[in-house]
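Asks: Below are the sequence and a predicted model for it; my questions follow.
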Amino acid sequence: MNTLPGLARSRAALSAPAVIAAVIVILVLLGIAIGGQVIARQVVSGLMLGAIYMTVAVAFTLTIGVLNFLNFTIPTLFMLTGMVAWGLVARGYLAFAGGWAWLAGLAAGVTVAVVASLLVERFTFRYMKMKHGDATEHAIPLVSSLGFLLIFENLVLMTMGSDSQRFAVPFKADIHIFGLVIGVPQLASFALTIIVVAGLTFILRSTKIGRALRTIAENPDTASLLGVDVGRVVPIVFILTGLLSGVAGALFTVNYGDVSPFMGDNVGTKAIAAMVLGGIGSIWGAIIGGLVVGLAETLSIQFFGGDSVQITVWGLVLIIIILRPKGLFGAAPIGKGKM
């Protein structure tokens, strides 16, 4: 009998994303019906851009959902991927890879993002845990992550300059569907993003590591009493954070072809908006929030011009906060059972 309330909550949790997704699809189809191919093109662009936002938003959600720690280095990890890839390719370090140098560069960039994320874990969260007993009760780890953001960004500025650079890929294939032109890199990026996020969701819900992470999110002390090695599990959060940020940076680089030391700033703020809109600590909220922010951005440009994007996105976030302070999927306090 006691299992029925839990079962009802599980069904509600599963149905909520489907309901929100259905509402978004209906609104999008209505807009396409009214606006025709012009709106359809903006919708496609918004979904592709939203896939990148949602990947970064999920990275934010992992650290704040499990560790109650807002990791400010995530936009820089995003940036490092693109800049490292461009630097290695442009300076000829990957000439041995021939036509696959661009792919090798992106793989190296993602690797650097993961390593940098582990550095942040070692010298912010873990250091404060060892020194003070509970890093989540101190603002120092947050400020330390901001320090790492500035260090990484300025290292890139010193070594590669501040100008935007062109990252060329050796293909430009398009698919024509009902008059819409969809780039193969965009389509592949969207599919890869969905696969990565689905894989992460599976890990969190169905694996031993995922159960350990959710136990830590509930209560780190209880997790330790239950035999969870918090010292070994927490770095996994930072590995996943670096991987998600790196993959998002690689997809952005391939699709838009421009990299700069400041490329993570705009994406980072939009990802935070997506996380808040969807509900802080909710993976599904980050996914839906990212897609909504992407659609809001492209449709705002279409109807109101490029200068209106920030007003539209953050105005939407403020409306959601006023009407539902916990976000679309927020249901529990920070650090308590959202994963």
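Replies: Received the coordinates, thanks.
Asks: pLDDT on stretch 87-95, on average?
Replies: Mean pLDDT, stretch 87-95: 88.
Asks: Pull out the buried positions in that stretch.
Replies: 87, 88, 89, 90, 94 (16 or more other Cβ atoms under 10 Å). (Glycine included, C-beta is placed from N, CA and C.)
Asks: Inside strands: which ones of the residues you listed?
Replies: Per DSSP state E, strands hold no members of these.
Asks: now those residues as TSV including distance to residue 54?
Replies: Putting the buried residues of stretch 87-95 into TSV (distance: Cβ to Cβ, whole Å) gives the following:
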residue	distance to residue 54
87	27
88	28
89	27
90	30
94	30
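Asks: for the residues you listed, which one is nearest residue 267?
Replies: Within the buried residues of stretch 87-95, proximity to residue 267 (Cβ to Cβ) peaks at residue 87, which comes in at 19.3 Å.
Asks: quick one, helices of the chain?
Replies: 3-35, 37-66, 74-90, 101-120, 126-132, 140-160, 184-206, 208-218, 220-225, 230-256, 263-278, 283-304, 309-323 (DSSP state H).
Asks: among the ones you listed, which is the most enclosed?
Replies: Comparing the helices of the chain by mean neighbour count (mean count of other Cβ atoms under 10 Å), helix 74-90 comes out on top with a mean of 27.
Asks: Packing partners of that helix?
Replies: Using 3 or more Cβ pairs under 8 Å, 6 or more residues apart in numbering; DSSP states H and E, the elements in contact with helix 74-90 are helix 37-66, helix 101-120, helix 140-160, strand 165-166, helix 230-256, strand 258-259, helix 263-278.
Asks: excluding its backbone neighbours, what's nearest the residue nearest the centre of the chain?
Replies: Per Cα atoms, centre = their mean, the C-alpha nearest to the average position across the chain is that of residue 56, at 1.2 Å. Nearest non-adjacent residue to residue 56, counting by Cβ to Cβ, 6 or more residues apart in numbering: residue 271, 3.7 Å away.
Asks: and that neighbour, what does it touch?
Replies: Counting by Cβ atoms under 8 Å, 6 or more residues apart in numbering, residue 271 touches 53, 54, 56, 57, 59, 60, 74, 75, 290.
Asks: run the last query once more with 7 Å
Replies: Residues near residue 271 by Cβ atoms under 7 Å, 6 or more residues apart in numbering: 53, 56, 57, 60, 290.
Asks: These into TSV, with extra columns for distance to residue 215 and pLDDT?
Replies: Formatted as TSV, these follow (distance: Cβ to Cβ, whole Å; pLDDT from 0 to 100):
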residue	distance to residue 215	pLDDT
53	29	91
56	26	92
57	23	91
60	21	91
290	27	89
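Asks: Could you tell me the average pLDDT over stretch 316-334, please?
Replies: On average, stretch 316-334 scores 77.
Asks: how much distance is there from it to the middle of the chain?
Replies: Averaged C-alpha coordinates place stretch 316-334 at 18 Å from its chain's average position (Cα atoms, centre = their mean, to the nearest Å).
Asks: Over to stretch 57-66?
Replies: Remark: stretch 57-66 is offset 8 Å from the chain centroid, using Cα atoms, centre = their mean.
Asks: cool, stretch 113-123 as well?
Replies: Here the centre of stretch 113-123 is set off from its chain's centre by 17 Å, with Cα atoms, centre = their mean.
Asks: Check stretch 94-108 too.
Replies: The answer for stretch 94-108 is 25 Å, by Cα atoms, centre = their mean.
Asks: Export that stretch to PDB, keeping only CA atoms.
Replies: Taking Å, rounded to 0.1, in the frame of the first residue of the first chain, the C-alpha atoms of stretch 94-108 are listed here in PDB:
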ATOM      1  CA  LEU A  94      47.500  17.800 -36.100                       C
ATOM      2  CA  ALA A  95      48.700  17.800 -39.700                       C
ATOM      3  CA  PHE A  96      49.400  14.000 -39.300                       C
ATOM      4  CA  ALA A  97      45.600  13.500 -39.100                       C
ATOM      5  CA  GLY A  98      45.100  14.800 -42.600                       C
ATOM      6  CA  GLY A  99      41.400  15.500 -43.400                       C
ATOM      7  CA  TRP A 100      40.400  14.400 -40.000                       C
ATOM      8  CA  ALA A 101      42.500  17.000 -38.200                       C
ATOM      9  CA  TRP A 102      39.300  19.000 -37.300                       C
ATOM     10  CA  LEU A 103      37.800  15.900 -35.600                       C
ATOM     11  CA  ALA A 104      41.000  15.100 -33.700                       C
ATOM     12  CA  GLY A 105      41.200  18.800 -32.600                       C
ATOM     13  CA  LEU A 106      37.600  18.700 -31.200                       C
ATOM     14  CA  ALA A 107      38.400  15.400 -29.400                       C
ATOM     15  CA  ALA A 108      41.400  17.000 -27.900                       C
END
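Asks: Mind listing residues that contact that stretch?
Replies: 81, 84, 85, 88, 89, 169, 170, 250, 253.
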